[in-house]
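Student: Turn this into a structure:
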Amino acid sequence: MSFLHCHTKDCFWEQDDFYSVDGYNPAEYLKDWMEQLCKDNIDEQFSNCSEFLAKNGPISKREVIAQEFEKFADRIRNMPWITYEQWKKDKDTAVCPKCGMRNFDID
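Tutor: Model (predicted):
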């Protein structure tokens, strides 16, 4: 996996790791959540961890799963370069979608 982001000061633009059919992609990641969605009581509280509760409040498994699907839908809609191959093709002329600079880094 490769994580593309902008290094321009105060920009903070980033996108999800590049996707591939045989590697990291939303369908494979969400597959684990689908297994949770289709078993047990999905309306029970997701976590009793105090740190999680302080950040998210008492939410159900159903809501956590829905948020994960929404997160990937947003990423898919907004990722300029879905695959590393797309990035390689554009990297010499690409500019940051947020700040317009050419200051990318891949981790």
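Student: What distance do you get for residue 89 to residue 81?
Tutor: For residue 89, the distance to residue 81 equals 9 Å [C-beta to C-beta, to the nearest Å]. For the C-beta atoms, the positions are set from N, CA and C on the backbone; glycine is no exception.
Student: quick one, which of those two is more surrounded?
Tutor: Ranked by neighbour count (other C-beta atoms under 10 Å), residue 89 and residue 81 place residue 81 first, with 19 against 12.
Student: so which helix or strand takes in the more buried one?
Tutor: In this assignment (DSSP states H and E), residue 81 forms part of neither any helix nor any strand.
Student: wait, isn't residue 103 in contact with residue 6?
Tutor: Yes: taking C-beta atoms under 8 Å as the definition, residue 103 is a contact partner of residue 6 at 5.6 Å.
Student: Dihedrals phi and psi, residue 83?
Tutor: Listed backbone geometry of residue 83 is phi -110, psi 160, with angles given as degrees, to the nearest 10.
Student: Helix, strand or coil: sort out the closest residue to residue 106 other than its chain neighbours for me.
Tutor: Spatial nearest neighbour of residue 106, excluding adjacent residues (C-beta to C-beta, 6 or more residues apart in numbering): residue 2 at 4.9 Å. When the structure is split into helix, strand and coil by DSSP: H, G, I helix; E, B strand; the rest coil, residue 2 lands in coil.
Student: Let me know how buried the residue lying closest to residue 95 once chain neighbours are set aside is, in neighbour terms.
Tutor: Sequence neighbours aside, residue 102 is the residue nearest to residue 95 in space, at 5.6 Å (criterion: C-beta to C-beta, 6+ apart). By the measure other C-beta under 10 Å, the count of residues near residue 102 is 13.
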